[in-house]
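Asker: 3D model of this:
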Amino acid sequence: MKANNLFSRLCGIALIVALAACSSVTKVESDLGIKGAPDWVNEGTQLLGNKNGRLFHGVGSAAAMGDPALQKSVADDRARAEVARILSSYLEVVSSDYVAAEKAAKINVNEEAVSRQIKNVSKVNLSGSRIIGSWRDTETNIIYSIAELDMEQVKSTLATVSEMNEDLRLYIDVRAENVFDSIKKEKK
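Answerer: Residues are numbered from 1 along each chain as shown. Prediction:
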């Protein structure tokens, strides 16, 4: 009964947030200004919502180091680290929202356990990130790589995490996109 009541409240909140999010337009401003670079190089690490879904994009770079394969590998690793950083920030917001919702419903919640579960989800999800592009600046010889993690991947991975509290899993399943949209909107 308690879970159904919480679920009903969450669905109501999710509907309100979803309706508000429908009016927003995705706008990314360039901050690097590298001429001739792909848009993603200039746009950098970000949350991106578009026709392809809700995406975590991480951009990393590596200066010339004498070994092109190593340089590319370093840029790829840095791009994945950027995805990890923004995914971690995203999940911290989800965690805080979940704890606040539980406390508001007068449900006793162990914040340390929630934090530990969220960190485990972050680690598991990083295996789902993939490099979707790279570019070499011919003037500086810097290689840029972009890694991507899709929200659907995050949610499907979450379903396989066995040590997660079922209420937290349900909360993330219901609220994942809304929290993503809220954070993306704040970054504009």
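Asker: Can you give the distance of stretch 110-120 from its chain's centre?
Answerer: 17 Å (Cα atoms, centre = their mean, to the nearest Å).
Asker: Return stretch 90-107 as PDB; C-alpha atoms alone will do.
Answerer: Provided in PDB are the C-alpha atoms of stretch 90-107 (Å, rounded to 0.1, in the frame of the first residue of the first chain):
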ATOM      1  CA  TYR A  90      23.000  13.400 -12.300                       C
ATOM      2  CA  LEU A  91      22.700  10.400  -9.900                       C
ATOM      3  CA  GLU A  92      23.500  12.600  -6.900                       C
ATOM      4  CA  VAL A  93      20.500  14.800  -7.800                       C
ATOM      5  CA  VAL A  94      18.300  11.600  -8.200                       C
ATOM      6  CA  SER A  95      19.500  10.400  -4.800                       C
ATOM      7  CA  SER A  96      18.800  13.700  -3.100                       C
ATOM      8  CA  ASP A  97      15.400  13.900  -4.700                       C
ATOM      9  CA  TYR A  98      14.600  10.300  -3.600                       C
ATOM     10  CA  VAL A  99      15.700  10.900   0.000                       C
ATOM     11  CA  ALA A 100      13.600  14.100   0.200                       C
ATOM     12  CA  ALA A 101      10.600  12.400  -1.200                       C
ATOM     13  CA  GLU A 102      10.900   9.500   1.200                       C
ATOM     14  CA  LYS A 103      11.300  11.900   4.200                       C
ATOM     15  CA  ALA A 104       8.300  14.000   3.000                       C
ATOM     16  CA  ALA A 105       6.300  10.800   3.000                       C
ATOM     17  CA  LYS A 106       7.500  10.100   6.500                       C
ATOM     18  CA  ILE A 107       9.300   6.900   5.400                       C
END
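Asker: Report the mean per-residue pLDDT for it.
Answerer: For stretch 90-107, the mean per-residue pLDDT is 81.
Asker: So for that stretch, what gets flagged as buried?
Answerer: By 16 or more other Cβ atoms under 10 Å, the buried positions in stretch 90-107 come out as 90-91, 93-95, 97-99, 101-102. Heads up, the C-betas are built off the backbone N, CA and C, glycines and all.
Asker: Let's see which of these end up in helices.
Answerer: Of those, the ones assigned to helices by DSSP state H are 90-91, 93-95, 97-99, 101-102.
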